[in-house]
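Novice: give the three-dimensional model of this entry:
(one chain, ligands or ions: 1)
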Amino acid sequence: MALAGGVRVRARALLRAGAQFRGPVLGRPEPAAGGGDGTRRFANLRVLVEPDPAAGVAVMKLKSPPVNSLSLEFMTEFLISLEKLENDKAFRGVVITSDCPGVFSAGLDLTELCGQNPAHYAEYWKAVQELWLRLFLSNMVLVAAINGVCPAGGCLMALTCDVRVLADNPKFVIGLKETQLGIVVPFWLKDNLVNTIGHRASEHALQLGLLFPPAEALQVGIVDQVVPEDQLQSTALSVMARWMAIPDHARHLTKAMMRKATADSLIKHRDADIQNFVNFISRDSIQKTLQVYLQKLKQKKG
Ligand SMILES: CC/C=C\C/C=C\C/C=C\C=C\CC(=O)SCCNC(=O)CCNC(=O)[C@H](O)C(C)(C)COP(=O)(O)OP(=O)(O)OC[C@H]1O[C@@H](n2cnc3c(N)ncnc32)[C@H](O)[C@@H]1OP(=O)(O)O
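Specialist: Numbers count the residues shown, from 1 in each chain. Sure thing, here's the model as predicted:
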């Protein structure tokens, strides 16, 4: 699936501005781009990709400090990196994890949702839809190695994956807390959750805006495994190895068959969903709530 119009335009702008694969990364000298040794890492500004072509797997590390919030730039760069892997036949699986200590992703970037104009909200929501669709319908096996708190939009990313492994730390909660902020999750994300944990559990989780700590997350089924923090990466890779043993075409066609109806319901109503979001987020009452919440977050330190 190609990037949607607005996101593609922004992607091109980012690429022109130099947000493309480069080395060295993390201060280590690496072969020049296209060096072809199959071991080099590549990165744009906010996503670090560590490829292991021999295994057919890449690890994508979200590194948009401080909290990997889903800004337009971050989502665009993430999708560029994902598309690069999708287009490279060497890669059949991706582990998604965080490079920001203690936070997988803080979810949607609240500064994108506050005090902006309707055109911005529309562009932003289109990018959120695109992120979800591209991940949800990815041909590749996606394993989320969740090494930090994972609320709302962070959970959105994790829910698109085929498998979620959560590090066992009581601070690492996961869930869709939107109602706690006075926000309603979009229907397609609700469907994604229902597909994952069932209808009744979703009713409770969504209405109460529940954030599950590891043991509860495992019990309700929003994650598939909880492991000690120091075993997260190795567990994610061994889960991946199991999935990689299945012939790709059969696995992918099965995944597409299982996910088609849920994805189609958004694809058919993308514009209406954007309009709905713009109307909702532009309301004075919602703006006020989000601004107060953002201020509280900022005052936490002071
Ligand atoms: C009718 C229906 C139609 C359509 C659908 C309608 C509506 C749907 C609309 C929106 C859906 C929204 C879903 C979301 O994702 S909203 C975001 C939810 N996320 C959160 O509530 C998490 C907030 N953050 C935190 O709880 C914490 O930051 C933390 C636990 C992730 C990390 O804690 P730390 O103590 O490590 O870090 P902090 O000091 O709190 O934060 C550092 C820094 O980062 C800023 N920040 C944190 N989160 C966000 C964010 N989500 N967006 C933007 N910025 C964020 C925070 O303010 C600090 O900034 P400063 O350094 O002080 O400047």
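Novice: residues from the protein in reach of the ligand?
Specialist: The chain comes close to the ligand at residues 66-67, 69, 102-103, 106-111, 149, 151-153, 178, 183-184, 186, 276-277, 280-281, 297-298, 300-301, as judged by Cβ under 6 Å from any ligand atom. No exception for glycine: its C-beta is placed from N, CA and C like everyone else's.
Novice: out of these, list just those in helices.
Specialist: 110-111, 153, 276-277, 280-281, 297-298 (DSSP state H).
Novice: which regions of the stretch 201-302 of the chain lie under the pLDDT threshold?
Specialist: Regions of the stretch 201-302 of the chain meeting the criterion pLDDT under 70 cover residues 301-302.
Novice: now for the ones in helices among the residues of the chain next to the ligand: which two are most distant?
Specialist: The most widely separated members of those are Asn276 and Lys298, with 28.7 Å between them, by Cβ to Cβ.
Novice: neighbour-wise, which of these two wins?
Specialist: More crowded of Asn276 and Lys298, by other Cβ atoms under 10 Å: Asn276, with 15 against 10.
Novice: could you identify the buried members of the ones in helices among the residues of the chain next to the ligand?
Specialist: Listed as buried from those are 110, 153, 277, 281; burial here means 16 or more other Cβ atoms under 10 Å.
Novice: now the last one. Nearest residue, chain neighbours left out?
Specialist: What that stands for is Ile281. Excluding its sequence neighbours, the residue lying closest to Ile281 (Cβ to Cβ, 6 or more residues apart in numbering) is Tyr121, at 5.3 Å.
Novice: the one you found against Val278, yeah?
Specialist: Yes - between Tyr121 and Val278 there is a contact under Cβ atoms under 8 Å: 4.7 Å.
Novice: so what's the closest residue to Phe212 other than its chain neighbours scoring on pLDDT?
Specialist: Residue nearest to Phe212 in three dimensions, not counting chain neighbours: Gly175, with 5.1 Å by Cβ to Cβ, 6+ apart. Note on Gly175: pLDDT of 98.
Novice: quickly find the element holding Gly115.
Specialist: Counting by DSSP states H and E, no helix or strand carries Gly115.
Novice: can you get me a residue count around it?
Specialist: Using other Cβ under 10 Å as the criterion, Gly115 is surrounded by 11 other residues.
Novice: next up, phi/psi of the residue of the stretch 1-150 of the chain found nearest the ligand, please.
Specialist: Nearest residue of the stretch 1-150 of the chain to the ligand: Gly107, at 2.7 Å (Cβ to the nearest ligand atom). Gly107 adopts backbone torsions of phi 90, psi -160, taken as degrees, to the nearest 10.
Novice: brilliant, that's me finished.
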